[in-house]
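K.L.:
This is the structure alone, sequence omitted:
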């Protein structure tokens, strides 16, 4: 019988990370136990024992092993292709956040015996692959861990996305996340940041080296722009592209059957015109009552006209302030132009320091419903004190 070795050779691995990417900040937050059911064996396993199965504990998948949790040589009796091996282990190490299972070579100069005339395709498709000469199959696996000691909030996720390039300052969120997943893998950190930030609607900007500043909606500096001031020019438009007074909500009930519900709401912007939209409710919505709530929230946020505009500011004025100090998230009230909506949020700023000028843009589109829906999908809830 071949004995396990402490110095294995080439290997293949399967891993299961937990807490990876979330710094426990010195807390006792770790994997505490492992329960796995494995099939160990293979087509050639009875001919010789040249491989072993090892399970390690690590901080992250590509760091050194912290502890060896389990090890067994791949062997079986003749005529028995696979042998079931149950692994149940307690893990007593303070920093294990990742479980790595490896199939390791015991010898370096071993060549598997050939079958005359056989062409093997050891690929990963069960329907086309030949039985592997030696192998391990994971039938089931569960890891048991300590509770999250640190609150996982939107702020923590944003900090992890922009690290190590930026530190995060400004607004913080009391929303904890039960789950957070991307439906599509983001192509860049900026896209991931936009996806996560959609549930908060923070205005974020980078005005200092290495600092990403967050500002909560409706909390920016209040400014007054007098369009009669020669240093200020302004353009403004309203539209009903995103305004609706009827909504069809589609959802799947608890049996998975497709259902829909129609919701109505009066809108001054539309008068007697019926303008409808169709939206899809998140997977957590399983009843007509919940779907109606989704539709009511949608129409409440899409009841008024959308606003877009731009402002060009030169120098400094008493009411508006310094043109170079305008930031996304600031609120601007237009004076001297009748009928213009007050308290417009600044969505983008382009500074021209050499000429002491700033181009300020407004894009007042419905946003509250989108933030609420993102929170619902992520299982976010307010921190309880």
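P.N.:
Right, received. Where do you want to start? What you see is a predicted model, and the numbers here were worked out from it, not measured in a lab.
K.L.:
can you give me the strands in the stretch 51-200 of the chain?
P.N.:
Ranges of strands in the stretch 51-200 of the chain, per DSSP state E, counting those that start in this stretch, are 51-58, 67-73, 82-90, 98-105, 135-145, 167-170, 175-177.
K.L.:
Could you say which of these is packed most deeply?
P.N.:
For these, the largest average neighbour count (mean count of other C-beta atoms under 10 Å) is found in strand 51-58, namely a mean of 23. To be clear about C-beta, it is placed using only N, CA and C from the backbone, and glycine gets the same treatment.
K.L.:
measure residue 168 to residue 203 for me?
P.N.:
13 Å (C-beta to C-beta, to the nearest Å).
K.L.:
between these two, what contacts are shared?
P.N.:
residue 214 (C-beta atoms under 8 Å, 6 or more residues apart in numbering).
K.L.:
How about residues contacting stretch 34-42?
P.N.:
So stretch 34-42 is contacted by 53, 55, 69-70, 72, 74-76, 80-89, 91, 99, 101, 131-144 (C-beta under 8 Å, 6+ apart).
K.L.:
By neighbour count, which bits of that stretch are buried? Give me those.
P.N.:
Residues 34, 36, 38, 39, 40, 41, 42 are the ones in stretch 34-42 that count as buried (16 or more other C-beta atoms under 10 Å).
K.L.:
re earlier: if we compare the strands of the stretch 51-200 of the chain, which one ends up closest to residue 313?
P.N.:
strand 167-170 (23.2 Å; C-beta to C-beta).
K.L.:
Report all helices and strands that that closest one contacts.
P.N.:
When contacts are defined as 3 or more C-beta pairs under 8 Å, 6 or more residues apart in numbering; DSSP states H and E, strand 167-170 sits against helix 154-162, strand 211-215.
K.L.:
what about this structure, any weak spots by pLDDT?
P.N.:
1-2, 9-12, 15-28, 47-48, 108-131, 147-151, 178-186, 337-342, 364-368, 377-385 (pLDDT under 70).
K.L.:
Now render the strands of the stretch 51-200 of the chain as JSON lines, adding distance to residue 335.
P.N.:
Shown next, in JSON lines, are the strands of the stretch 51-200 of the chain (distance: least, C-beta to C-beta, whole Å):
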{"stretch": "strand 51-58", "distance to residue 335": "62"}
{"stretch": "strand 67-73", "distance to residue 335": "68"}
{"stretch": "strand 82-90", "distance to residue 335": "70"}
{"stretch": "strand 98-105", "distance to residue 335": "59"}
{"stretch": "strand 135-145", "distance to residue 335": "58"}
{"stretch": "strand 167-170", "distance to residue 335": "29"}
{"stretch": "strand 175-177", "distance to residue 335": "37"}
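K.L.:
So which residues of the stretch 151-300 of the chain form helices?
P.N.:
Assigned by DSSP state H, counting those that start in this stretch, the stretch 151-300 of the chain shows helices spanning 154-162, 189-197, 288-301.
K.L.:
so what does the first one touch, helix or strand wise?
P.N.:
Right, helix 154-162. strand 167-170, strand 175-177, helix 189-197, strand 211-215.
K.L.:
To residue 356, which of the ones you listed lies closest?
P.N.:
strand 211-215 (22.2 Å).
K.L.:
Tell me what angle the closest one forms with helix 189-197.
P.N.:
30 degrees (axes from the mean of the first three to the mean of the last three C-alpha atoms, to 10 degrees).
K.L.:
if we can go back for a sec, out of the strands of the stretch 51-200 of the chain, the one nearest residue 229 is which?
P.N.:
strand 167-170 (30.1 Å).
K.L.:
what does the closest one rub up against?
P.N.:
155, 158, 159, 162, 202, 204, 210, 211, 212, 213, 214, 215.
K.L.:
thinking the second one is in contact with residue 192, fair?
P.N.:
No - Residue 158 sits out of contact with residue 192 when judged by C-beta atoms under 8 Å, with a separation of 9.1 Å.
K.L.:
neighbour-wise, which of these two wins?
P.N.:
residue 158 (22 against 18; other C-beta atoms under 10 Å).
K.L.:
could you list every residue that touches the more buried one?
P.N.:
168, 193, 196, 197, 212, 214.
K.L.:
Which single one of these is nearest to residue 251?
P.N.:
Nearest member of those to residue 251, counting by C-beta to C-beta, is residue 196, at 24.6 Å.
K.L.:
Which residue lies closest in space to the closest one, excluding its sequence neighbours?
P.N.:
The shortest distance from residue 196 to any non-neighbouring residue, by C-beta to C-beta, 6 or more residues apart in numbering, is to residue 157 (5.3 Å).
K.L.:
Count the neighbours of that neighbour for me.
P.N.:
21.
K.L.:
right, and it touches residue 177 too?
P.N.:
Yes - Residue 157 lies in contact with residue 177 (C-beta under 8 Å); the separation is 7.0 Å.
K.L.:
sorry, back to before: kindly present the helices and strands packed on helix 154-162 as JSON lines, with separate columns for distance to residue 255.
P.N.:
Listed next are the helices and strands packed on helix 154-162 as JSON lines, based on distance: least, C-beta to C-beta, whole Å:
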{"stretch": "strand 167-170", "distance to residue 255": "44"}
{"stretch": "strand 175-177", "distance to residue 255": "29"}
{"stretch": "helix 189-197", "distance to residue 255": "31"}
{"stretch": "strand 211-215", "distance to residue 255": "42"}
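K.L.:
This completes my enquiry, with thanks.
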